[in-house]
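1. Fold the following.
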Amino acid sequence: MSKRCGLRRSGSVALALAGAAAAALPLVAAPSAAADEAAPRAKAQVLSCTTDSDGWTGRADCTNNTGSVVAFRVVVVCGWWPDQYGAWRTLDPGRSGTSSATCGGGTGVGSVSWQEG
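-> Okay, the predicted model is just below:
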């Protein structure tokens with residue numbers, strides 16, 4: 001009988017430790033998720049951009065929403081061809097501009113985005 005009591009005690013201790021470890025996991029992950037969500041919101045307020053493509057050329061049309069000068073360029077992901085980057089454009093506060101780049105081969109434009117700098 002003493003063996004059964006010993007097993008039950010060690011089993012309940014193991015369950016208690018496992019429960020405590022599981023309860024601590026969400027606390028560790030929560031700040032990371034909140035930080036990831038906050039970054040796009042902050043960045044979205046700097047430039048308002050729309051992107052489009054005709055299949056070979058990608059364009060980013062952006063407006064500077066800040067009170068300071070901002071630079072950007074288009075980033076075009078090309079299928080089976082090196083990615084292409086447009087010329088840097090500098091926008092004064094409240095101004096708009098366009099940056100474009102063309103895929104020189106492969107299967108054409110896969111996606112279009114922009115990079116701030």
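2. now the helices: where do they sit in the protein?
-> 2-44 (DSSP state H).
3. Low-confidence stretches in it?
-> 1-44 (pLDDT under 70).
4. residue contacts, G110?
-> V77, C78, G79 (CB atoms under 8 Å, 6 or more residues apart in numbering). Heads up, the C-betas are built off the backbone N, CA and C, glycines and all.
5. Then C103?
-> If you count contacts by CB under 8 Å, 6+ apart, C103 has them with W56, T57, G58, V76, C78, G79, W81, Q84, V109.
6. Please list only the buried members of those residues.
-> Among those, those buried by neighbour count (16 or more other CB atoms under 10 Å) are T57, G58, V76, C78, W81, Q84, V109.
7. between these, which is nearest S100?
-> Among the buried ones among the contacts of C103, T57 lies closest to S100 (CB to CB), at 5.7 Å.
8. list the contacts for that closest one?
-> Contacts of T57 (CB under 8 Å, 6+ apart): V76, S100, A101, T102, C103, V109.
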